[in-house]
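K.L.:
Next come a sequence and a model predicted from it.
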Amino acid sequence: HSLPSHKLLLVDTTEMCLVDSPPGAKYAALSYLWGSVETFKTTKSTMGEVRQPGALARREENEIPLPKTVGDSISLAASLSIAYLWVDCLSICQDDSNALSIYLSPMASIYGNAYVTFVAAQGEDADFGIPGVKNASR
């Protein structure tokens, strides 16, 4: 599968919001275990919010924060000077069946075209975090 013809929705690791992928954007991708923890996801009702600069940084103040693994991956990408990150819970509108059908089929290409893929294989859910990032020990 090739990348979908639609632009990818990426986390801008500097502006801390979602943006449409610029042409030829170098991005990181995150592969992780969702688990059963309640986490923030992009939906039709939050799409406007998450496109505002700083919106993802402000998620900590809301009742459903970003999962630690997602937050750590944003920090990791930024520390590696990678401006964009693709993460499924944010980059795919979770209650839009059209978006799900567009992006689920070519997911291997989304990962395959990433500059780097972070694989968070530890823990039982998305709140485990990525060891060694921020204050988490290795």
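P.N.:
Received it, and whenever you're ready, just let me know what you need.

K.L.:
lowest-confidence helix or strand of the chain?
P.N.:
Least confident helix or strand, the chain: helix 97-104 with a mean of 65, by mean pLDDT, DSSP states H and E.

K.L.:
Can I take it that Val19 is in a strand?
P.N.:
Yes. Using DSSP: H, G, I helix; E, B strand; the rest coil, the assignment for Val19 is a strand.

K.L.:
Ramachandran angles for the residue nearest to it when sequence neighbours are not counted?
P.N.:
Spatial nearest neighbour of Val19, chain neighbours left out: Asp12 (4.7 Å); criterion: CB to CB, 6 or more residues apart in numbering. To be clear about C-beta, it is placed using only N, CA and C from the backbone, and glycine gets the same treatment. In terms of degrees, to the nearest 10, the main-chain angles of Asp12 are phi -80, psi 110.

K.L.:
okay, now Asp12: neighbour count?
P.N.:
Using other CB atoms under 10 Å, Asp12 has 19 neighbouring residues.

K.L.:
And it, how close does it get to Lys134?
P.N.:
Per CB to CB, to the nearest Å, Asp12 is found 19 Å from Lys134.

K.L.:
need the helices for this protein, in chain order.
P.N.:
For the chain, the helices defined by DSSP state H occupy 47-50, 55-58, 68-79, 88-91, 97-104, 107-112.

K.L.:
got the contact list for the fourth one?
P.N.:
When contacts are defined by CB atoms under 8 Å, 6 or more residues apart in numbering, helix 88-91 is touched by residues 8-11, 18, 30, 34, 39-42, 50, 56, 67, 70, 103, 107, 126.

K.L.:
From the residues you listed, list just the buried residues.
P.N.:
8-11, 18, 30, 39-42, 50, 56, 67, 70, 103, 107, 126 (16 or more other CB atoms under 10 Å).

K.L.:
Can you read off the pLDDT for the residue positioned nearest the centre of the chain?
P.N.:
Using CA atoms, centre = their mean, the residue of the chain that lies closest to the mean C-alpha position is Val87, 2.5 Å off. We have a pLDDT of 94 for Val87.
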